[in-house]
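In: Build me a model:
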Amino acid sequence: MMRIRKGSDRGHADHGWLNTYHTFSFADYQDSAHMGFRSLRVINEDRVSPGMGFGAHAHRDMEIVSYVLEGALEHKDSMGNGAVLRPGEFQRISAGTGIRHSEFNPSPGELVHFYQIWLLPRSQGVPPSYEQKFFAEDEKRDKLRLVASPNGAEGSLTIHQDARVYLSTLYPGESVSHEIAAGRHAWLQVLRGRVRVQGTALETSDGLAFSDEAGLTIVGEQAAEVMLFDLA
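Out: From the prediction side, this is the model:
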């Protein structure tokens, strides 16, 4: 079974400094039909104005991953980490027993456009931790590059959940396939461009949920980047 989540149907809020779209219920956007998918709880597509950002705030018992598409995102947290994420960089925060962090656009003139994703952890109360890694274009061109996994396989970031996250860039006519093991599920998020999956056309910001499917094939119809989640 496949279920499309059109980008145009997501929750939306424009706070002036923050223009944000919510795939699942978040903050003031609440929809009982879209509360998450398996361990995926939040997929937010955010654009933050120059010199603005999210002030220090608290999280616990959540796996938070961020991926920058354009611009730069400055991170600081209560564990003493401070870094700037740029396009191609993937960040993982395990909030565990509790952290405080801020995310800020340090540019005086450029928007930052990024995805923030939350996954429920497989167990609560883990020690908080942070990782950040750059994935070069040739690592994900015309292939599915593992970027997060439960055991840090293939140089991926480590998440405390039975989930694997992949990135891929595809140009017209290029394709990648992924097998979905029995009892598992998948979510595909189109970050940019246009693709076709099992004959279904997907545009920028569309999502597609898979359950009871043996696999999927993603074909590029224009220059595209996609994120794929393989979920228990």
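
In: can you give me the helices for the chain?
Out: 137-140 (DSSP state H).

In: how does it divide into domains?
Out: Using automatic domain parsing, the domain parsing of the chain gives 10-134, 137-231.

In: mean confidence for the first one?
Out: In this model, domain 10-134 has an average pLDDT of 97.

In: The last one now?
Out: For domain 137-231, the mean pLDDT works out to 97.

In: and that domain, how far apart are its ends?
Out: 25 Å (Cα to Cα, to the nearest Å).

In: how far out from the middle of the chain is it?
Out: 11 Å (Cα atoms, centre = their mean, to the nearest Å).

In: give me the number of residues near Pro106?
Out: By the criterion of other Cβ atoms under 10 Å, Pro106 has 14 neighbours. Where you see a C-beta, it was placed from the backbone N, CA and C, and this is true even at glycine.

In: ok, back up a step: between the domains of the chain, which gets nearest to Arg3?
Out: domain 137-231 (4.5 Å; Cβ to Cβ).

In: what about the domains of the chain, which gets the closest to Met2?
Out: domain 137-231 (5.7 Å).

In: ok, back up a step: which one, of the domains of the chain, ends up nearest to Ile4?
Out: Going by Cβ to Cβ, the one of those nearest Ile4 is domain 137-231, 5.6 Å.

In: Could you export the domains of the chain as CSV, including distance to Met1?
Out: Putting those into CSV (distance: least, Cβ to Cβ, whole Å) gives the following:
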stretch, distance to Met1
domain 10-134, 12
domain 137-231, 5
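
In: Looks like Arg194 contacts Ile218 (just checking).
Out: No: assessed by Cβ atoms under 8 Å, Arg194 is found out of contact with Ile218, at 11.0 Å.

In: These two: who's more crowded?
Out: Ile218 (23 against 18).

In: buried set for stretch 76-86?
Out: Of all the residues in stretch 76-86, those buried under the rule 16 or more other Cβ atoms under 10 Å are 77, 81, 85.

In: from what I can see the second one touches Pro128, true?
Out: Pointing back at Asn81 there. No: between Asn81 and Pro128 no contact is recorded; they are 10.0 Å apart, counting by Cβ under 8 Å.

In: Kindly report which residue of the chain is located farthest from the centre.
Out: When distances are taken from the C-alpha mean of the chain, Pro108 lies farthest, 25.5 Å away, according to Cα atoms, centre = their mean.
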